[in-house]
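*Asks:* This is a predicted model, with the sequence first.
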Amino acid sequence: MAKITYLIGAGASVNALPTVSEMESRLRIFQNYLLKFTSIPGVEEYIQDIEDSIIDCSGNTIDEYANSLYRDRGAQQKYNKLKAILIGFFLFEQLKKKQSDFAINNVKSGPTVPAYSWPNKFNSNNELNERIQNTLDRRYSGFLGKVLNPENKFKPDINILSWNYDSQFEIAMERLSIPYKHLDAYVDIFPYPMQIDFNEFKESERSHNILKLNGTAGIFKNKGEIISVYDSQQEYFDDIIDIIMNIYKESKTRLERYNPLFNFAWERNIGSEYVLSRAKRMVKETEILVVIGYSFPDFNRDIDRQIFSGKSISKVYLQVNNDPSVILNMRGLKNDFYQKTESVQNCSSFFIPPEF
């Protein structure tokens, strides 16, 4: 069987997590849900920072806004706080909520808490509830059912390189009755909770089934250990609010216990350098590339070039939603990928190439 690598982007999680155009409305839902926790120290400030970020981000994507903060030497705290907001948001989107019904234009606010805007991009309360309560894009489950062997381990010659910092693969594995805390017995995914010396780790010959180029929202580096806020699909977002506030509190001072292993493409640190080195090794051996929901955006281009330039991949399958800019963006990789590309129109499930 040919060596196959999947390159995963945000479009692969679109049935559970927001697209760029939906980010503001979904952040508004998150913001309003937090109003029930205003008795907890820090929550009101956190809510206001979400509001400020929405306003400051107006007209730009989250990546564009984050990059502007990163380039401003005086905005390091705002940059760290934005990460704390996104970490809380992605945990909210991917965990159960104790409030089971969300109603459009039914926002509760206390005497000291302003009533924030409520999203108006949903046609009905049912549509809103379905979006918020759904924590998994079910295509992941179907995909894993095809690429895992009967022991729930990856079949040989299949690897995944992801630009997403969500936990969709981990959640899909849980749906296969594999608890998150035992995941490493079945699938080698990075980052994942473990004891680690990055310098020794980098020198090792270890390879991974799933590599996340941006890390994971909710995973942190704490001295010689990788820790995770996420535990399982059985827990409620409501029960980790105190942890979310501790993450937020650290974002305003010194990152110690909660130093995120969640990066944007332009960041360079020991974690991102490790992942990049392993990604290069993974792609070097790749014969077939399957691109799902990824548009090769300009912010990622430098890393994509390092990973893919000069690589002799024989075939590229492109499964994206009718985005003509993708082929143009692929030309920026300085290779001949775009000449070897075949488009896959059906996005109802993740494509399995005939070479598999």
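*Replies:* Cool, got the structure.
*Asks:* show me the contacts for F351.
*Replies:* By Cβ atoms under 8 Å, 6 or more residues apart in numbering, the contact list for F351 reads V290, I292, Y317, Q319, V344. For the C-beta atoms, the positions are set from N, CA and C on the backbone; glycine is no exception.
*Asks:* Next, it: secondary structure please.
*Replies:* Classification of F351 using DSSP: H, G, I helix; E, B strand; the rest coil returns coil.
*Asks:* just to revisit the earlier point, counting only strands, which of the contacts of F351 make the cut?
*Replies:* In this view, the contacts of F351 that belong to strands under DSSP state E are V290, I292, Y317, Q319.
*Asks:* Show the buried residues in these.
*Replies:* V290, I292, Y317, Q319 (16 or more other Cβ atoms under 10 Å).
*Asks:* nearest to R175, of these?
*Replies:* Nearest to R175 among those is I292, at 18.8 Å by Cβ to Cβ.
*Asks:* dump the residue contacts of that closest one.
*Replies:* Here I292 is in contact with Y6, L7, I8, G9, G11, A12, Q319, V320, F350, F351 (Cβ under 8 Å, 6+ apart).
*Asks:* Phi, psi for K221 please.
*Replies:* Here is the backbone geometry of K221 (degrees, to the nearest 10): phi -100, psi 120.
*Asks:* Next, work out how far apart it and E203 are.
*Replies:* Distance check for K221 against E203: by Cβ to Cβ, to the nearest Å, it reads 18 Å.
*Asks:* Regarding G59, what is its secondary structure?
*Replies:* Going by three-state DSSP: G59 is coil.
*Asks:* count of residues packed around it?
*Replies:* Using other Cβ atoms under 10 Å, G59 is surrounded by 7 other residues.
*Asks:* And for G42?
*Replies:* Counted with other Cβ under 10 Å, G42 comes out at 18.
*Asks:* could you point out which element follows the lowest-mean-pLDDT helix or strand in the chain?
*Replies:* Using mean pLDDT, DSSP states H and E, helix 125-133 stands out as the lowest-scoring helix or strand of the chain, at a mean of 68. Using DSSP states H and E, the helix or strand that follows helix 125-133 in sequence is helix 139-147.
*Asks:* Report the distance from that next one to the chain centre.
*Replies:* Averaged C-alpha coordinates place helix 139-147 at 18 Å from its chain's average position (Cα atoms, centre = their mean, to the nearest Å).
*Asks:* Regarding this protein, what is its longest helix?
*Replies:* The single longest helix within the chain, with elements called by DSSP state H, is helix 76-94.
*Asks:* that older thread, turn the ones in strands among the contacts of F351 into a markdown table, including distance to R254 and pLDDT.
*Replies:* Shown next, in a markdown table, are those (distance: Cβ to Cβ, whole Å; pLDDT from 0 to 100):
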| residue | distance to R254 | pLDDT |
| --- | --- | --- |
| V290 | 42 | 98 |
| I292 | 38 | 97 |
| Y317 | 45 | 96 |
| Q319 | 43 | 95 |
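*Asks:* Can you lay out those as TSV showing distance to L27?
*Replies:* Formatted as TSV, the ones in strands among the contacts of F351 follow (distance: Cβ to Cβ, whole Å):
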residue	distance to L27
V290	31
I292	25
Y317	33
Q319	27
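*Asks:* For those residues, which two are the farthest from each other?
*Replies:* Counting by Cβ to Cβ, the most remote pair of the ones in strands among the contacts of F351 is I292 and Y317, 8.8 Å apart.
*Asks:* quick one: low-confidence ranges for the stretch 51-200 of the chain?
*Replies:* Regions of the stretch 51-200 of the chain meeting the criterion pLDDT under 70 cover residues 100-129, 131.
*Asks:* if you set the cut-off to 50 instead, what comes out?
*Replies:* Flagging of the stretch 51-200 of the chain using pLDDT under 50 yields the residue ranges 106-114.
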